[in-house]
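In: Provide a 3D model corresponding to the input given below.
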Amino acid sequence: MPRPAKQSPVRKAVFPVGGLGTRFLPATKALPKEMLPVVDKPLIQYAVEEARAAGVEEFIFVTGRGKSAIEDHFDHSWELQESLTARGKQAELAEIQSWLPAPGQVAYTRQQEPLGLGHAVWCARHLVGDEPFAVLLADDLVLSETPCLAQMAKVYGRVGGNLVAVMDVPREQTGRYGILDVVQDDGRLAEAKGLVEKPRPEKAPSTLSIIGRYILRPEVFAELDRREKGAGGEVQLTDAMARTIGRIPFHGLRFEGRRFDCGSKAGFLEANIAFALDRPDLGAEMSEILGRYKDALEKA
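Out: Model (predicted):
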């Protein structure tokens, strides 16, 4: 059997950041939800750093109204840099410069109407062009030794096609996710013959759900061009991917690490605790703080 051809590297990543973040009002009235911090770093920065660790060179943000704070965050702040320099705060200066993309690596486009994730990705079609690309949803934060997208990029180099990060969920929760209809599964990599967006538990073909990490072939844009509405009356990325199956291989990768749903208040709070505990400079102090609430936890 011939070996699969070597895949082109994934150089571009799309970040859909046009959502309103209504679950976090009033905090998100003037602040984009993607700028909410986990410990001391905004969610969108975690996503950009994860993409960079996977070899991504171009970062495409699909924004909406009121998202200028994201653009400012990934730009130089000359006043802050001059202030830090004058005060001799070299460590802080290096910290804010270390993760900034280079000039020309960042692009922004607007999603004028909130028509769904598929529509947001479609808005980036001209910036992506005719090459494979990643999609990262900042709401999904993964704590892992090897960044989630880097794990995917390695597997993509071997299998090609469309590849998503997946995790097993309780059957009663399938209505929250895109679910794979699996052909074969070796325990880490699953090949799918179909996808269903947010199926009822009794209709779900499996419990293997997609999280907010994708590596996609550009052919998906032709399907998104149809602008067909699916679950929730929105243009669903899952539906467009499903229509490519049979022409393009489709796999789900069970990533190594722990995913936090930072689109929910409970998931966001849990992520702050987990990431603080994982930090060498904060772990011991955070453990001590949590210990103070032992009695309250036992009563809960």
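In: Low-confidence ranges, this protein, go.
Out: Residue ranges of the chain with pLDDT under 70: 1-6, 300.
In: Can you name every helix or strand that the longest helix belonging to it contacts?
Out: Using DSSP state H, we find that the single longest helix of the chain is helix 265-278. When contacts are defined as 3 or more Cβ pairs under 8 Å, 6 or more residues apart in numbering; DSSP states H and E, helix 265-278 sits against strand 37-38, strand 140-143, strand 258-261, helix 283-291. Just so you know, the C-beta spots here come from the backbone N, C-alpha and C atoms, and that holds for glycine as well.
In: one more time with 10 Å, if that's ok
Out: If you count contacts as 3 or more Cβ pairs under 10 Å, 6 or more residues apart in numbering; DSSP states H and E, helix 265-278 packs onto strand 37-38, helix 43-53, strand 140-143, strand 258-261, helix 283-291.
In: Tell me the buried residues in it?
Out: Of all the residues in helix 265-278, those buried under the rule 16 or more other Cβ atoms under 10 Å are 267-268, 270-272, 274-276.
In: before we move on, back to that, and I215, which of the helices and strands packed on helix 265-278 is closest to it?
Out: Checking the helices and strands packed on helix 265-278 against I215 by Cβ to Cβ gives helix 43-53 as the closest, at 10.9 Å.
In: The residue lying farthest from the centre of the chain and F61, how far apart?
Out: The outermost residue of the chain relative to its centre, with distances by Cα atoms, centre = their mean, is A86 at 37.0 Å. Separation of A86 from F61 (Cβ to Cβ, to the nearest Å): 32 Å.
In: Then L127?
Out: Applying Cβ to Cβ to L127 and F61 gives a distance of 10 Å.
In: Give me the common contacts of those two.
Out: Listed contacts common to L127 and F61 are 14, 107-109; contacts here mean Cβ atoms under 10 Å, 6 or more residues apart in numbering.
In: Tell me the buried residues within those.
Out: 14, 107-109.
In: Which of these fall in strands?
Out: Members of these lying in strands (criterion: DSSP state E): 14, 107-109.
In: May I see those residues organised as TSV, with distance to G252 added?
Out: What follows is these, written out as TSV (distance: Cβ to Cβ, whole Å):
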residue	distance to G252
V14	19
A107	29
Y108	30
T109	28
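In: tell me the two of those that are most distant?
Out: Maximum pairwise distance among these (Cβ to Cβ): 11.3 Å, between V14 and Y108.
In: what is in contact with these two at once?
Out: By Cβ under 10 Å, 6+ apart, the residues touching both V14 and Y108 are 59-62, 124, 127.
In: E288 and E95: what is the separation?
Out: Using Cβ to Cβ, E288 is found at 25 Å from E95.
In: more crowded one of the two?
Out: E95 (12 against 9; other Cβ atoms under 10 Å).
In: Determine how far the one helix or strand that one maps to lies from the middle of the whole chain.
Out: Applying DSSP states H and E as the criterion places E95 in helix 90-98. How far helix 90-98 lies from its chain's middle: 25 Å, per Cα atoms, centre = their mean, to the nearest Å.
In: Ok, stretch 83-100 next?
Out: 28 Å.
In: Stretch 15-28 now?
Out: 15 Å.
In: Buried residues, it. List them.
Out: Across stretch 15-28, burial judged by 16+ other Cβ under 10 Å covers 15-19, 21, 24, 28.
In: next one: stretch 99-118
Out: So, applying 16+ other Cβ under 10 Å, buried residues of stretch 99-118: 101, 105-109, 111, 115-118.
In: residue ranges of the helices in this structure, please?
Out: Under DSSP H, the chain gives helices at 43-53, 68-73, 78-86, 90-98, 117-122, 125-128, 148-159, 220-224, 237-244, 265-278, 283-291, 294-299.
In: Could you dump those helices into CSV and include distance to P32?
Out: What follows is those, written out as CSV (distance: least, Cβ to Cβ, whole Å):
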stretch, distance to P32
helix 43-53, 8
helix 68-73, 5
helix 78-86, 19
helix 90-98, 19
helix 117-122, 14
helix 125-128, 20
helix 148-159, 21
helix 220-224, 24
helix 237-244, 21
helix 265-278, 14
helix 283-291, 26
helix 294-299, 32
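In: thinking again about what came up before, turn the buried residues of helix 265-278 into a markdown table, columns for distance to L149.
Out: Below are the buried residues of helix 265-278 laid out as a markdown table (distance: Cβ to Cβ, whole Å):
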| residue | distance to L149 |
| --- | --- |
| G267 | 19 |
| F268 | 21 |
| E270 | 21 |
| A271 | 17 |
| N272 | 22 |
| A274 | 19 |
| F275 | 17 |
| A276 | 23 |
